[in-house]
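>>> No sequence on hand, only this structure:
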């Protein structure tokens, strides 16, 4: 059929989103997943240091105030309820992020499709992600293809490439190994390419500069979907570290657009507590709001004894790509950018 | 000094002892870590384009530019040529600074051009531009009932816009240049 759109009216947007949500639900139902709904308001949101939350509070009848925030991802709640009894769960969650750009790729609230599967490793998770994205493209646009920069890209599973971060850094930045990266590892590559960095950069910042300047242009130009996998250990966040010392984490890039973050999840509560404490300290250094560490999550992790795969996809971006639309405003019925008064800095 | 998050296309900055024009930029917030902005810069003296990455919290030195009312004359491989409405001098603005905005240009359009030391570095469009519809399908009875309430229309400069079903060929209308969307009919 090959159904691609220019700009859409409200009716077309409603139909497009309904078709996309239907595609997600059919995909997961067929694979034995259960759809769940978890809270938007929490007392302990994701404390990844650079996240800024929409902070709010619940007030009870006596006037007592409980400070919290809207979630930036349903991750913590989903990890608390995934279990051998319900090993496959997914949520179409509305999530919120503050202090991000208001542009064609970003809206302060957006839909995150997040799913967890107990007893599954990263490779199987990659296969499932590939199948899901191709299924979305076929359902929404009528073909195993997306329109990227005026040409069509095939999304059939056999067209995908999986490549490690280390290979990409060898190929494009001349960095031989990422097994034990140090600041100098990245600084020397930046220096060799005449690129800019700041003395105050963290190792993660330096990594991102190398990635964005030297690797990303190749992802932008690729004519097929790419899975970028196995990040250096300082980019682990909530992923576990494998035997080679790399984080079990992958991202999907289509036409240079990052669509998701998949993890072989960290389920060791002691290691998780250590990372929470580090993140809390970093938030303090950055002057970000501090929230209590989620003790309930740490307790829940004690009960997980199998590998856990989790993935989160920015659904609005997938719909944009599937429908060949260039702005997130085109797939939102009420985009925040259009609600704000013109020329008013948010 | 200004924050990286405040940059605009055509902004002139002083950086590494040189002056640069911002050609294009993209904000990136990776799955983890700080937010960055990928910027394509063109050296004002060298004319060379480079790409670099700035953290969104970094500061840059913005250089003031002068704005002039001009009229769009024509576009070609060299760039977009405009004429100063006071001195009748012609200037050329690079295509890579204008990027996607080029599709909105039409003969005689009044635009605002940023000048730096006698050189045209950026072009700003009016918020809304009037066009005449040169091509669109007539409304068919039953369209509204079947839910087809909008359709494609081609403007007098070739721009494609989604318009309400009642718009006819030859009508004049306003298009929003931020969103590319139809605003209203001009009576």
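Received, thanks. In this text the structure is predicted, and so the values were computed from the model without any measurement.

>>> near chain B, which residues of chain A show up?
Counting by CB under 8 Å from any CB of the partner chain, chain A comes close to chain B at A:6-9, A:11-12, A:48, A:50, A:100-101, A:103, A:105-106, A:194-196, A:198, A:201-202, A:204-205, A:207-209, A:211-213, A:216-217, A:235, A:237, A:251, A:258, A:261, A:327, A:329, A:338, A:342. Using the backbone N, CA and C atoms, a C-beta is placed for each residue, glycine as well.

>>> Which of those residues fall in strands?
If you go by DSSP state E, these have A:251, A:258, A:261 in strands.

>>> Most neighbours among those residues, which one?
Among these, residue A:261 has the most neighbours (other CB atoms under 10 Å in any protein chain shown), with 24 neighbours.

>>> among the helices and strands of chain B, which has the poorest mean pLDDT?
helix B:95-98 (a mean of 82; mean pLDDT, DSSP states H and E).

>>> So it, near chain A or not?
No. Helix B:95-98 stays clear of chain A (CB under 8 Å from any CB), getting no nearer than 15.4 Å.

>>> Please tell me how far residue A:322 sits from chain B.
To chain B, residue A:322 is 18 Å away according to CB to the nearest CB, to the nearest Å.

>>> brain fart, residue A:186
Using CB to the nearest CB, residue A:186 is found at 12 Å from chain B.

>>> so that residue sits in a helix?
Yes. Counting by DSSP: H, G, I helix; E, B strand; the rest coil, residue A:186 falls inside a helix.

>>> and the nearest residue to it once chain neighbours are set aside, how many neighbours?
Leaving out its chain neighbours, the residue that sits closest to residue A:186 by CB to CB, 6 or more residues apart in numbering or on different chains is residue A:206, at 3.7 Å. The number of residues packed near residue A:206 is 22, by other CB under 10 Å.

>>> Kindly report the same for residue B:86.
Residues near residue B:86, counting by other CB under 10 Å: 9.

>>> For the least confident helix or strand in chain A by mean pLDDT, which strands pair with it and how are they oriented?
Lowest by mean pLDDT, DSSP H and E among the helices and strands of chain A is strand A:145-148, with a mean of 81. Next to strand A:145-148 in the sheet, as set by DSSP bridges, lie strand A:151-154 (antiparallel).

>>> Need the pLDDT of the residue lying closest to residue A:313 once chain neighbours are set aside.
Residue nearest to residue A:313 in three dimensions, not counting chain neighbours: residue A:260, with 4.1 Å by CB to CB, 6+ apart. pLDDT recorded at residue A:260 is 94.

>>> so who does residue A:260 touch?
Listed by CB atoms under 8 Å, 6 or more residues apart in numbering or on different chains, the contact partners of residue A:260 are A:129, A:251, A:252, A:311, A:312, A:313, A:314.

>>> go again using 6 Å as the cut-off
Neighbouring residues of residue A:260 by CB atoms under 6 Å, 6 or more residues apart in numbering or on different chains: A:252, A:311, A:312, A:313.

>>> And residue A:317, its phi and psi?
With angles defined as degrees, to the nearest 10, residue A:317 sits at phi -70, psi -40.

>>> how many neighbours does residue B:97 have?
Residues contacting residue B:97 under the criterion other CB under 10 Å number 22.

>>> bridging residues for the residue of the stretch 151-300 of chain A found nearest chain B?
Distances between the stretch 151-300 of chain A and chain B by CB to the nearest CB are smallest at residue A:261, namely 4.1 Å. With DSSP bridges as the criterion, residue A:261 is bridged to residue A:251, residue A:312.

>>> re the thing from before, now for the contacts of residue A:260: which two are most distant?
A:252 and A:312 (11.0 Å; CB to CB).

>>> residue contacts, whichever residue of chain B sits closest to chain A?
Nearest residue of chain B to chain A: residue B:27, at 3.6 Å (CB to the nearest CB). Residues near residue B:27 by CB under 6 Å, 6+ apart: A:101, A:103, B:37.

>>> Excluding residues flanking it in the chain, which one is nearest the first one?
Ranked by CB to CB, 6+ apart and with sequence neighbours excluded, the top spatial neighbour of residue A:101 is residue B:27, at 3.6 Å.

>>> Okay, and that neighbour sits in which element?
Taking DSSP states H and E as the criterion, residue B:27 maps to strand B:18-28.

>>> tilt between the helix or strand that that strand is followed by and strand B:18-28?
Helices and strands here follow DSSP H and E; after strand B:18-28, the next one along the chain is strand B:36-43. Orientation check (axes from the mean of the first three to the mean of the last three CA atoms, to 10 degrees): strand B:36-43 against strand B:18-28 gives 150 degrees.

>>> Name every strand pairing with strand B:36-43 and say which way it goes.
strand B:18-28 (antiparallel), strand B:49-55 (antiparallel).

>>> Residue B:80 in helix, strand or coil?
Strictly by three-state DSSP, residue B:80 counts as strand.

>>> give me the number of residues near the nearest residue in space to it that is not next to it in sequence?
Leaving aside its chain neighbours, residue B:80 sits nearest to residue B:93 (4.9 Å; criterion: CB to CB, 6+ apart). With neighbours defined by other CB under 10 Å, the count for residue B:93 comes to 25.
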